[in-house]
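Participant: Take a look and give me a structure for this.
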Amino acid sequence: MAEARVERRLAAILAADIAGYSRLMGVDEEGTLAALKACRRELIDPKIAEHRGRLVKTTGDGALVEFASAVDATRCAMEIQRAMAERNADVPDDRRIEFRIGINVGDIIIDEGDIYGDGVNIAARVETLASPGAICLSENAYQQVKGKLTLEVSDMGEQQLKNIAQQLRVYRVKLGEGGATQPTAPALALPDKPSIAVLPFQNMSGDAEQDYFCDGMVEDIITGLSRINWLFVIARNSSFAYKGKSPDIRQVGRELGVRYVLEGSVRKAGNRLRITGQLVEAETGVHLWAEKFDGALEDVFDLQDKVTEAVVGVIEPNVRRAEIERARRKRPDILGAYDLYLRALPYFASVMPEDAKIGMDLLEEALKLDPHYAAAHAYLAWGLEMRVFRGNFNEADAIESVRHARMALAHGTDDATALGIAALIILHLGRDFETASGAIDRALSINGSNATALYLGAHIHAYNGDCAIAENYASRALRLSPFDPLCYEAYVARGFVRFREGHFDEAAAFFAKAAQLNPRFSALYMMQTAALAVAGRIDESKSIARRLLELQPGFRIGPLEGLVAGIARPEIVSGFAAGLRKAGLPE
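Facilitator: Alright, predicted model coming up:
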């Protein structure tokens, strides 16, 4: 039987996405969505129709459009970018919606209205090279519009596009007055030492279930790089804000304040692995290094070390071998334990016991395989702590939590994340500030770029009344990992500092910011309730107290007061308890 004919045609493909979309949504989800819908309704859709384009699909922050002519596609793109520049004229820099646009001409496959093929893939990759508010053309697209449109371009030279075998020449369109030609100013200044962000690697295995494996591999590469004391390494949780995106590397560099970006992919087929990596200079988008590493699944940690070593070697050719050796971290002896640990991590983000229970079950299985796995002990301790503070106030759970935390300290002497989490438990349930603060010191001595240790260190020192240390740790953590799920802890620490200083309105504002960042964490509403009540804003405090009870119906002041006595400074404990009583919460 003859195979069904595949429908193909030559087309001009326009790929667009929003620069800094994750940051915009983090600042104001509803406002960003409303502004984006207005842009589409008032500008983008009409322009596409005017230039005889077909909107193939939208992807939240992006769009794919098909044109019969490269001239139509380029005219449409130029008019959109100039109109967007006018719309943004009076909008603050941090609220602007700015598009990057890439255009390619190539052969495409049409299937049920969607389009596929190298022609589409190249357009998407060319788009990542465009600055916010700018347009890039592939060589094929440029040859089609040259001499037919009045436009000025700059030749960006041969580019190695991600997952495209051959290098391709790319051109940047100079829009002139009213359009962007240069990247916006850096959002964050570069540190005074080499700086790098490692983006999530692409899962090339064809199995979405393997995403966790790719993520774990990247986390280990980040950890290895973080051990090198002359490198400034953005924490994993902020790098992963770009997961599922094809970001402009220059925009990543500006948003995270780094000089280098590492990206790559992982292909897992049976027992074989292939890791590819490429190092890009963020300011220019120039590729400095690319390599692939093949090996068996049981060699995964060796492959990760090879990637780390190669990247360090490119950044600092004269790196001493001792620094590379110091970058190697202890890992679980059994790969199955590592798998289970990676699967467990997402369930701890909300810091609520009903979610953590799923992760705890996985960690119990991991510890059966590797009883000395420090990170598994640390997260299991944390899950039990959540159950105690936001559930049963059970003494047996508290004892077991401290036991796991001490196991993490004993076996995790070179694991900064395990030490940081264990420190939190040792303070909360062991009431031992000296050991907790010592664990934070140890974590930061072995990995000064570990945002988890900094966020939880800020929390620990704020509870103890060490205002300057808490503020310092909070600031450092936010710089290293501004998109971190733990970033609410920086605002908790600052709220405690303001509360202790008697600035209750400011404390309430910081606790409110923390709740915005982690809206399912009930303790944040408890803190906000107390600060509002002590500030005399009783009606507001009662409103927030209702949200607390929705999330934690069994909340009672007495048991909580007993738990935190000996953890936080006495004046903080008594002040919070008084505020909660003023708000009318049950005793």
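
Participant: shaky segments in the stretch 51-200 of the chain?
Facilitator: Applying pLDDT under 70 to the stretch 51-200 of the chain picks out residues 94, 163, 165, 176-187, 192.

Participant: Could you pull out the helices in it for me?
Facilitator: 70-87, 118-127, 139-145 (DSSP state H, counting those that start in this stretch).

Participant: okay, the angle between the first one and helix 118-127?
Facilitator: Right, the one you point to is helix 70-87. Angle, helix 70-87 to helix 118-127, by axes from the mean of the first three to the mean of the last three C-alpha atoms, to 10 degrees: 30 degrees.

Participant: neighbouring contacts of helix 70-87?
Facilitator: Contacts to helix 70-87, defined as C-beta atoms under 8 Å, 6 or more residues apart in numbering, come from residues 12-14, 16, 39, 43-44, 47-48, 50-53, 65, 67, 97-99, 101, 103, 105, 133-135, 137, 140-141, 144-145, 148-149, 151, 173, 175, 178-180. All C-beta atoms are positioned from the backbone trio N, CA, C, and that covers glycine.

Participant: CA atoms only for that helix - export them in PDB, please.
Facilitator: As requested, the backbone C-alpha atoms of helix 70-87 are provided in PDB (Å, rounded to 0.1, in the frame of the first residue of the first chain):
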ATOM      1  CA  ALA A  70       9.200  36.700   3.300                       C
ATOM      2  CA  VAL A  71       8.500  40.300   2.300                       C
ATOM      3  CA  ASP A  72       5.100  40.200   4.000                       C
ATOM      4  CA  ALA A  73       6.500  38.500   7.100                       C
ATOM      5  CA  THR A  74       9.300  41.000   7.500                       C
ATOM      6  CA  ARG A  75       7.000  44.000   6.900                       C
ATOM      7  CA  CYS A  76       4.600  42.700   9.400                       C
ATOM      8  CA  ALA A  77       7.400  42.100  12.000                       C
ATOM      9  CA  MET A  78       8.800  45.600  11.500                       C
ATOM     10  CA  GLU A  79       5.400  47.300  11.900                       C
ATOM     11  CA  ILE A  80       4.700  45.300  15.000                       C
ATOM     12  CA  GLN A  81       8.000  46.100  16.600                       C
ATOM     13  CA  ARG A  82       7.700  49.800  15.900                       C
ATOM     14  CA  ALA A  83       4.100  49.900  17.200                       C
ATOM     15  CA  MET A  84       5.200  48.100  20.400                       C
ATOM     16  CA  ALA A  85       8.000  50.600  20.900                       C
ATOM     17  CA  GLU A  86       5.400  53.400  20.800                       C
ATOM     18  CA  ARG A  87       3.100  51.500  23.200                       C
END
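
Participant: quick one: contacts for the nearest residue to M156 once chain neighbours are set aside?
Facilitator: Spatially, and ignoring its direct neighbours in sequence, M156 is nearest to V170 (4.5 Å; C-beta to C-beta, 6 or more residues apart in numbering). Residues counted as contacts of V170 (C-beta under 8 Å, 6+ apart) are V126, L129, C136, L137, S138, E139, M156, G157, Q159.

Participant: Filter the contacts of helix 70-87 down to the buried ones, PyMOL style.
Facilitator: A single PyMOL command selects the buried members of the contacts of helix 70-87 (16 or more other C-beta atoms under 10 Å):
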select buried, resi 12+13+14+16+39+43+44+47+48+51+53+65+67+97+98+99+101+103+105+133+134+135+137+140+141+144+145+151+173+175+179+180
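
Participant: What are the contacting residues of stretch 35-54?
Facilitator: The contact list for stretch 35-54, computed with C-beta under 8 Å, 6+ apart, reads 14, 18, 55, 58, 63, 65-69, 72-73, 75-76, 79-80, 83-84, 87, 97.

Participant: make it 6 Å
Facilitator: L55, V65, E66, F67, D72, R75, C76, E79, I80, A83, I97 (C-beta atoms under 6 Å, 6 or more residues apart in numbering).

Participant: which residue ranges form the helices in the stretch 201-350 of the chain?
Facilitator: Per DSSP H, counting those that start in this stretch, the stretch 201-350 of the chain carries helices over the ranges 211-226, 236-239, 249-256, 300-315, 321-326, 335-344.

Participant: okay, those in JSON lines with mean pLDDT next?
Facilitator: Formatted as JSON lines, these follow (pLDDT from 0 to 100):
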{"stretch": "helix 211-226", "mean pLDDT": "78"}
{"stretch": "helix 236-239", "mean pLDDT": "82"}
{"stretch": "helix 249-256", "mean pLDDT": "84"}
{"stretch": "helix 300-315", "mean pLDDT": "67"}
{"stretch": "helix 321-326", "mean pLDDT": "38"}
{"stretch": "helix 335-344", "mean pLDDT": "76"}
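
Participant: Going along the chain, name the helices of the stretch 351-500 of the chain.
Facilitator: For the stretch 351-500 of the chain, the helices defined by DSSP H, counting those that start in this stretch cover 353-369, 374-387, 395-411, 416-428, 433-446, 451-463, 467-480, 488-501.
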